[in-house]
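Participant: here are the coordinates; sequence isn't available:
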């Protein structure tokens, strides 16, 4: 009797577990990826062909061009507008039986792959990207071969489409082969490139470029910079540099190639003109030039204008005094006024006297 009860309990428990699993599968959406432009068919769980169901997308009725065939929903010429969360409900009680997360996309194309060594002779990195979007998750598998041996590939922690590889040896004459395969739910495509180590060496641009005017030299600028911090062994693998500069008023650059010096004096600058200056770096023997450094601006020394002292003579200020008041012609008090004839007498008296003496003679 006890064994019978135990068996019944196990059967009931198994049925509960199955029912719970089925119920959970109805609630958790499953992803379905389909190719853009194709007709898409979604099956409502495991219902029979004669089952009657209704469909909703994102909680609303399906408005896109479609047809329902028993437990299946068919969308014609699917595009990105058909993306969504589709749910099916069994009639007549409307019990939800399945949920599908539909994603429309395209298979991947051959990825574009480039490799470069900015840490020579330590190692190199490769990066890749899809030249056209796929609209659905796409992963990349990377394989690097050298001298018929697979090399360890370390994926970059920041750039998801980049990996790092250490050089197994320096000055190798064997080429490297890198294969990158793009994979998603709709297909796969790959690209393979081969190269020798000397062809991918390209330093990062020089850092901390500074340009300063030289006092009392109106046509000179002193330029200095640091080698790129990513270059690991500047003593054994020295760099040479390429300097370019131009005044802002002109479009033509002037160039100077330097050996391993990290400074240079420009001696032919235009006086008083602002200059733009950049520097590039390259391994002295192999590889290609780096990109240009961040541009800096500088102007040659300009003599400070001296304060000009005015030499214009100032007319002296002549102090003026009021003129004395002319003597009054008014009569004085206590004197008898004289007539006009009386005032003329002193002038006519000698003449009368002379005439009188003439007649008497």
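Facilitator: Sure thing, it's come through. Quantities reported herein were computed from a predicted structural model and do not represent experimental measurements.

Participant: give me the low-pLDDT residue ranges for the protein?
Facilitator: Applying pLDDT under 70 to the chain flags the ranges 1-27, 305-361.

Participant: tell me where the stretch 1-150 of the chain has helices.
Facilitator: Using DSSP state H, counting those that start in this stretch, the helices of the stretch 1-150 of the chain run over 2-27.

Participant: tell me where it has strands.
Facilitator: In the stretch 1-150 of the chain, the strands defined using DSSP state E, counting those that start in this stretch lie at 30-35, 40-43, 53-57, 60-61, 66-69, 72-75, 84-90, 95-105, 112-116, 123-129, 139-146, 149-150.

Participant: ok, and the closest non-adjacent residue to residue 303?
Facilitator: Excluding its sequence neighbours, the residue lying closest to residue 303 (C-beta to C-beta, 6 or more residues apart in numbering) is residue 218, at 7.2 Å. Every residue, glycine included, has its C-beta placed from N, CA and C.

Participant: ok, the helix or strand in which that neighbour is found: who's next to it in the sheet?
Facilitator: Secondary structure from DSSP states H and E places residue 218 in strand 217-226. Note on strand 217-226: by DSSP bridges, its sheet partners are strand 207-214 (antiparallel), strand 263-266 (antiparallel).

Participant: could you dump these to a markdown table with distance to residue 36 and mean neighbour count?
Facilitator: Below are the strands paired with strand 217-226 laid out as a markdown table (distance: least, C-beta to C-beta, whole Å; neighbours: other C-beta atoms under 10 Å):
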| stretch | distance to residue 36 | mean neighbour count |
| --- | --- | --- |
| strand 207-214 | 46 | 16 |
| strand 263-266 | 56 | 16 |
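
Participant: columns distance to residue 67 on top of the ones you listed, output as JSON lines?
Facilitator: Formatted as JSON lines, the strands paired with strand 217-226 follow (distance: least, C-beta to C-beta, whole Å):
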{"stretch": "strand 207-214", "distance to residue 67": "64"}
{"stretch": "strand 263-266", "distance to residue 67": "75"}
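
Participant: re the thing from before, list the helices and strands the next helix or strand after the strand holding residue 218 packs on?
Facilitator: Counting by DSSP H and E, the next helix or strand C-terminal to strand 217-226 is strand 239-247. In this structure, strand 239-247 makes packing contacts with strand 217-226, strand 254-258, strand 275-283, judged by 3 or more C-beta pairs under 8 Å, 6 or more residues apart in numbering; DSSP states H and E.

Participant: contacts for strand 239-247?
Facilitator: 203, 206, 221, 223, 225, 227-228, 231, 252-262, 264, 266, 269-270, 273-284, 289, 292 (C-beta atoms under 8 Å, 6 or more residues apart in numbering).

Participant: kindly recompute the last result at 7 Å.
Facilitator: Strand 239-247 has contacts (C-beta atoms under 7 Å, 6 or more residues apart in numbering) with 203, 206, 223, 227, 231, 252-260, 264, 266, 270, 273-284, 289.

Participant: distance of residue 99 relative to residue 133?
Facilitator: According to C-beta to C-beta, to the nearest Å, residue 99 and residue 133 sit 26 Å apart.

Participant: who's more crowded, those two?
Facilitator: Higher neighbour count among residue 99 and residue 133: residue 99, with 18 against 11, using other C-beta atoms under 10 Å.

Participant: the more buried one - nearest residue in space that isn't next to it in sequence?
Facilitator: Among residues not flanking residue 99 along the chain, residue 29 sits closest, at 4.2 Å (C-beta to C-beta, 6+ apart).

Participant: so how far is residue 42 from the one you found?
Facilitator: To residue 42, residue 29 is 12 Å away according to C-beta to C-beta.

Participant: cool, and residue 205?
Facilitator: Residue 205 is 53 Å from residue 42, by C-beta to C-beta.

Participant: all set, thanks.
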